[in-house]
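> I'll drop the sequence and a predicted model, then ask my questions.
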Amino acid sequence: MTQHEPLHLHVPEPTGRPGRHTDFSYLRLSPAGAVRRPPVDTLPVDTSDLAYELVRVLDDDGAAVGPWAMQPDRELLRKGLRAMMKTRVFDARMLIAQRQKKMSFYMQCLGEEAIAIAHALALDPGDMCFPTYRQQGLLLARDDVDMVEVICQLLSNQHDPLKGRQLPVMYSYKRAGFFSISGNLATQFIQAVGWGMASAIKGDTRIASGWIGDGATAEADFHTALTFAHVYRAPVILNVVNNQWAISTFQAIAGGEATTFAARGVGCGIASLRVDGNDFLAVYAASQWAAERARRNLGPTLIEWVTYRAGPHSTSDDPSKYRPADDWAHFPLGDPIARLRQHLIAIGAWSEGEHADTQKQLEAEVAAAQKEAERYGTLADGNMRSAAEMFEDVYKDMPEHLRRQRQQLGV
Amino acid sequence: MTQHEPLHLHVPEPTGRPGRHTDFSYLRLSPAGAVRRPPVDTLPVDTSDLAYELVRVLDDDGAAVGPWAMQPDRELLRKGLRAMMKTRVFDARMLIAQRQKKMSFYMQCLGEEAIAIAHALALDPGDMCFPTYRQQGLLLARDDVDMVEVICQLLSNQHDPLKGRQLPVMYSYKRAGFFSISGNLATQFIQAVGWGMASAIKGDTRIASGWIGDGATAEADFHTALTFAHVYRAPVILNVVNNQWAISTFQAIAGGEATTFAARGVGCGIASLRVDGNDFLAVYAASQWAAERARRNLGPTLIEWVTYRAGPHSTSDDPSKYRPADDWAHFPLGDPIARLRQHLIAIGAWSEGEHADTQKQLEAEVAAAQKEAERYGTLADGNMRSAAEMFEDVYKDMPEHLRRQRQQLGV
Amino acid sequence: MKVDTETSADGTAAGTRSTPMTMIQALRSAMDVMLERDPDVVVYGQDVGYFGGVFRCTEGLQAKYGKSRVFDAPISEGGIVGTAVGMGAYGLRAVVEIQFADYFYPASDQIVSEAARLRYRSAGDFTAPITIRMPCGGGIYGGQTHSQSPEALFTHVCGLRTVMPSNPYDAKGLLIAAIECDDPVIFLEPKRLYNGPFDGHHDKPVVPWSKHPLGLVPEGHYTVPLESAAVFRPGSELTVLTYGTMVFVSEAAARETGIDAEIIDLRSIWPLDLAMLVDSVKKTGRCVVVHEATRTSGFGAELTALVQEHCFYHLEAPVERVAGWDTPYPHAQEWDYFPGPARVAAAFKRAMEK
Amino acid sequence: MKVDTETSADGTAAGTRSTPMTMIQALRSAMDVMLERDPDVVVYGQDVGYFGGVFRCTEGLQAKYGKSRVFDAPISEGGIVGTAVGMGAYGLRAVVEIQFADYFYPASDQIVSEAARLRYRSAGDFTAPITIRMPCGGGIYGGQTHSQSPEALFTHVCGLRTVMPSNPYDAKGLLIAAIECDDPVIFLEPKRLYNGPFDGHHDKPVVPWSKHPLGLVPEGHYTVPLESAAVFRPGSELTVLTYGTMVFVSEAAARETGIDAEIIDLRSIWPLDLAMLVDSVKKTGRCVVVHEATRTSGFGAELTALVQEHCFYHLEAPVERVAGWDTPYPHAQEWDYFPGPARVAAAFKRAMEK
Ligand SMILES: Cc1ncc(C[n+]2csc(CCOP(=O)(O)OP(=O)(O)O)c2C)c(N)n1
Ligand SMILES: Cc1ncc(C[n+]2csc(CCOP(=O)(O)OP(=O)(O)O)c2C)c(N)n1
Ligand SMILES: [Mg+2]
Ligand SMILES: [Mg+2]
């Protein structure tokens, strides 16, 4: 028996903290265009390299390069840019409304807009997303979702489609392929797999898309989703948004140190990609690849989207307590809106003027929607759904004991 | 939008079923001696190949070959063979006792003896195992565990150290480094990590060894254990015993199709090996390698032990309902006892005669222990711990309500 | 006879033949009927596919309906319920098995935070019409992890329905009602009753269901409505509120004490048939609540509270509770733990004395 | 004054200075004291390390005791409790935080099947002396997943201790007692009380703890013993059994109705101080049970059952329960859900009328 040194506990730390810059070299990057694009019927085990590389299309000059550069049509790209800008404008206004106490809470997706929006545009009607609270882009990318109604949810007012029951941002839009958001992390990831299994059981052609954050991958339902998706070859895209942070904890606390979240997929027998989440073209191409695999019954794909949570976790958070204040400015993958704009201008599909006009127009659009929504009430003015509705929808039909309780409340 | 074929659900099936032989080519094997042995300070990500290969030492002729052949001393090997034989004899007798209703239930480890026993011999005193119900070898490999007492637990009698509270086989032996077995699958795997973290926190040199079956890897605690072990670089060995079956379901239902359980470790950033579990020398060598990594603070190692559950799941199970009756006879990795015996005879450290004598002696030893144990009662004769003890150990000190209940029972 | 009066309002069982069935057969028949009638019904869980379940409740169903309707699942209760919720969102009705009720805990987040809350939080946009079957209860030397009765935990979770049949007839009718129900239903099966009514006298030979009138089960479709209790044994001196195995134990206690107890089998534990309970207690003025689960914060606490709230001025004596002790279910001392006829009889006597 | 009488028998607090503290500060002080005194104490959970917890309860502790004593954990409640059980088996005392009580469900298997059962199933060979802290309760517009009070579920699990303080003094003394206790303790912290006593009048300005006598907390080591309740307000007409936030709501109701209610703060929910409860109800003959958790199978059911069992012949009126409605905790209608002073007052009046 050899003598050993005393053991000690390793507790991972980010390289940067307030007052000390982050050294982003911990992020393994690949040059734009450098990563291969296998056929969609590749074997999961053969995606092993892709789980450690980084699929990128847009290079530093805004050119689309390499095997994942698929040249989606210009209208789609313009639509995507507009939706990203709309989302950012929307977030900014809602943050102000929250500070004005018109709503109790808000969560923005600043810096992560490309992921949800390019992904939404790569899906088909009827597909179902199981999002987290940071995929408002899935809704705002669509023309069939009324922004006024969305804001009414945030304001918990008379027209809140969720009857005031949910925290702001916990939307539910079945008709827009957007599953009801849960406050409990990760639960939707395995539900997405179940939805995909159901589609396969019924011989349907619709697919599911599940979402989770880097931090929440430590929850059981992440593992469960990978296991069930693999076992039954479910038609599902398993999206992991690695924005480097989970409230105050760095992605290494979730298990990102010296490995990737995509690598977990490969281990479970799932085709996996690691993709630049701030590169609209890469997101669109990878989402299409995964959707095609699912729809051709080739099974699930796990995609780790590498991005950065540019803002606070939520309106209850103050990131200056745990990370450098200007961290995002140094993040090597940049700003998704700036990058797509640069590309579109480079290919002559956009201009600085059009950008400024669009920005103005979107600001007006969001302001108008907010104004209309506020007519139906805000949390501050107490103009909300009646207390009697509190007792509905617990069950399909209200049991006697809830009737009695409603009566007792006198509503 | 292209037209797609209807989706369908993939439900994995074993190649064999009652009346139809198993095609074991689904098991990827490597020749003995073919797999490299990296230094113990290898990076987890660099063990990726090892998670798909199969570490083997004993070749078909019983020779120890390749980089993992470490020539442990002959006494240790003889001890190992004897312990394996003892375990098999013990299991056989306890099965009979169960059929005689002297105990309510039993679980054998037929065909898997090498794993627990070689592993136990590779650990140091003070290390702590967190076993499943199929690692009785960890106890029977030790000289300091009284077989009579072990049998008293099985018989739920007066001398049952667990006071009759636990199903047979759910032992607890803190002083022998054997954690209390839980009826709930997988829970011990993360507890092992916690124990290892505690050892690291205290600057100790003792390590933990957690155990789980292929089927139970689908439970949350498997994932949780990998995550925490990786994040904190816990000094723990994470053993996955892939005996191909989980009650009636084949390992593909647990997620073994077209991947390995070892590969899950690599994805999580954990050094991982896939090892022939029926090869005593391979088990010993791999266990030593992993123990050394843990003790040198290099972090966890996941080992998938490939073996075969030769008997029924438990005394409540009838495997002829779901798999070919003679499946084990065709399992390509053979019988661990026969293989070590062949090796020891080949190197002149054992003989047929010695084998027969040992067998007889062990049978007598177990029979004598059983006889003594039965003097303290069996489940059938109702000679058991008093009902009053039922109220103890719920809390450290008995609260008033339990005192009242004990009184009500009148004991 | 009870069977006839229980036939559901839509009368679909009328005209179908009745056959003697064990509870296992009755449950299998319920799933068979529903798989046949509704293409959106799927059945899965650990060992339920090829093998037909460790208690054989799904035997033959995979062969009959194919692997995409009846299949084996990984050992992950959380995954089983989580996928069922997702399937519910799609439009299927999943009927899943938790191998033993003792193993539902890894699924508790999906049950409590998801299945139970989905309709409410989405204001009806999504629902989880799932049925979660779990064998429960002791009496088979299963030790502390094969004997639990966790029903009380589910009754504290709004949005769930919790059901426990005590006989084959109710088992089939309630399981069909559960599968057809648009709310998530926790369906607890007292495994000690799978093969015959069990009155708690473990040392006496077991009577099979074929010898009991409630073992006669219609072959076709019928329901026993949720939220309806049954008077299992009418009586005038004392009301017993119970369910599952303890229905028969209570009957034995009534027989042995000669006390004319009215035994009410809740069948639906929550939401429940309060009117029947209250009427009975008002009539008898005495009440004993009996369950196998541990006593503290067991469902007996809620029943006791409800009775004293609704019948306070009719009660002649405190409501008595008979329950499992507040310890884990021990293995060897199983029959000291199990609240058998003697303990129930003693409570009857206490309730009558006062 | 209450603070003095509560000082633990060993008198360690005697002589140490008292300071005004919020409940957050008091909890932090308890952990600080125990990290200092006992090298086997470790503290971890989501965001509790560098950042100091989303409610700041562990602020500064990592800097003081180092990263191997106070650290951040992955977002896995099951892993947090599972490692704590393993650490307990090694010999440490882990104090872990579940960020919101609403998120304990993924840890329920480790809590119920492991921590609570380990001593019993191993006949004392291994134990799990862990403390699981969880902020609970509503009143902060947290919606249905940041407002739950799941205490009743824990009380049904034998082997667990469940505790809920209502003020800084008790919070520190109880947390130290919990950490020193060799049993697993669920330590619920009513987050609405973190910064000041809250009487349910959400439209009135909040009074800080510095203005309340129970906000005066000794700096050193002391304990408030487990299983001991406190008479929060003596009275003669009616007994109120309650804990956490509802202590202050009940006090407001007493003030506003003028009913001389004796308010008992359970502090230890289970196992509890039954004698104090029973004595009070026998004295007043009337009882109202108040909690924020949903009503059905809430801990109020057990309290009601205990009271009617032990005080039946002293009760002049049925025990009244005031609780959260049996719905999820809604976001916008939070104050219609919260059982505020008006609802409690109405119950007082009902109890007095009969
Ligand atoms: C089960 C559960 N545990 C804890 C929380 C509290 N919580 C809310 S968000 C969050 C961080 C999630 O981080 P990540 O998954 O990386 O997503 P991101 O916020 O970065 O998008 C935590 C811990 C929760 N909502 N649910
Ligand atoms: C949480 C939980 N779910 C289900 C079971 C029932 N069960 C006991 S053993 C077993 C199969 C385990 O298979 P595996 O992990 O491969 O171990 P093996 O029996 O092959 O050694 C099952 C499903 C359980 N004990 N605990
Ligand atoms: Mg994140
Ligand atoms: Mg197995």
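In hand now; what should we look at? Ligands and ions are numbered 1, 2, ... in the order given.
> neighbours of the closest residue to A:G33 other than its chain neighbours, how many?
Nearest residue to A:G33, sequence neighbours excluded (CB to CB, 6 or more residues apart in numbering or on different chains): A:G66, at 2.5 Å. Every residue, glycine included, has its C-beta placed from N, CA and C. The burial count assigned to A:G66 is 21, neighbours taken as other CB atoms under 10 Å in any protein chain shown.
> A:G66: what secondary structure?
coil (DSSP: H, G, I helix; E, B strand; the rest coil).
> hmm, it is touching A:A32, no?
Yes. In this structure, A:G66 sits in contact with A:A32. The criterion is CB atoms under 8 Å, and the distance is 6.3 Å.
> need the residues touching each of the two.
Counting by CB atoms under 8 Å, 6 or more residues apart in numbering or on different chains, the shared contacts of A:G66 and A:A32 are A:R56, A:V57.
> so who does C:P318 touch?
Going by CB under 8 Å, 6+ apart, C:P318 touches C:A351, C:K354, D:Q308, D:E309, D:F312.
> now swap in A:R341 and tell me
Under the criterion of CB under 8 Å, 6+ apart, the neighbours of A:R341 are A:L81, A:W350, A:H355.
> now do C:V289
For C:V289, the contact set (CB under 8 Å, 6+ apart) comprises C:V240, C:L241, C:T242, C:G300, C:L303, C:T304, C:V307, C:V319, C:E320, C:R321, C:V322, C:A323.
> and C:D40, how many neighbours?
When neighbours are defined as other CB under 10 Å, C:D40 has 18 of them.
> find the nearest non-adjacent residue to it, please.
Once flanking residues are discounted, C:D40 sits nearest to C:L92: 4.9 Å by CB to CB, 6+ apart.
> for burial, what's the neighbour tally of residue 257?
I went with chain A, as the question did not name one. The number of residues packed near A:E257 is 17, by other CB under 10 Å.
> oops, chain C please
In terms of burial, C:T257 registers 19 neighbours under the definition other CB under 10 Å.
> could you do A:N184 as well?
Using other CB under 10 Å: A:N184 sits among 23 other residues.
> touching, it and C:E114? I think so.
Yes. Here A:N184 reaches C:E114: they are 7.4 Å apart, a contact under CB under 8 Å.
> name the element A:L154 belongs to?
Assignment of secondary structure by DSSP states H and E places A:L154 within helix A:147-155.
> distance of A:A208 from B:V266?
Computed with CB to CB, to the nearest Å, the distance linking A:A208 and B:V266 is 27 Å.
> quick one, helices of the chain?
Since you didn't name a chain, this refers to chain A. Under the criterion DSSP state H, chain A carries helices at the ranges A:74-99, A:113-122, A:136-140, A:147-155, A:187-201, A:220-231, A:261-267, A:280-295, A:327-330, A:336-346, A:352-375, A:400-409.
> oops, chain C please
In chain order, chain C shows helices spanning C:2-6, C:23-37, C:61-65, C:77-90, C:108, C:118-121, C:151-155, C:168-180, C:246-257, C:274-284, C:299-311, C:334-337, C:341-353, with DSSP H as the criterion.
> distance check, A:I181 against D:W325.
A:I181 is 23 Å from D:W325, where distance means CB to CB.
> likewise A:A63?
For A:A63, the distance to D:W325 - CB to CB - is 60 Å.
> when those two are compared, which one has more neighbours?
Between A:A63 and D:W325, D:W325 has the larger neighbour count (other CB under 10 Å), namely 26 against 16.
> what sits against the more buried one?
The neighbourhood of D:W325, defined by CB under 8 Å, 6+ apart, consists of A:M390, A:F391, A:L402, A:Q405, A:L409, D:T294, D:R295, D:Y337.
> of the residues you listed, select the buried ones using a PyMOL command.
Those of the contacts of D:W325 that meet the burial criterion (16 or more other CB atoms under 10 Å in any protein chain shown) are gathered into one PyMOL selection, given here:
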select buried, (chain A and resi 390+391+402+405) or (chain D and resi 294+295+337)
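> residue of the stretch 1-150 of chain C nearest ligand 1, please.
C:D109 (7.2 Å; CB to the nearest ligand atom).
> with adjacent residues omitted, what lies nearest to that residue?
Take C:D109 and drop its neighbours on the chain: the residue closest to it by CB to CB, 6+ apart is D:Y105, 3.6 Å away.
> the one you found reaches C:S108, doesn't it?
Yes. Using CB under 8 Å, D:Y105 is in contact with C:S108, at 4.7 Å.
> higher neighbour count, the two?
Neighbour tally, D:Y105 and C:S108, criterion other CB under 10 Å: the higher count belongs to D:Y105, 28 against 25.
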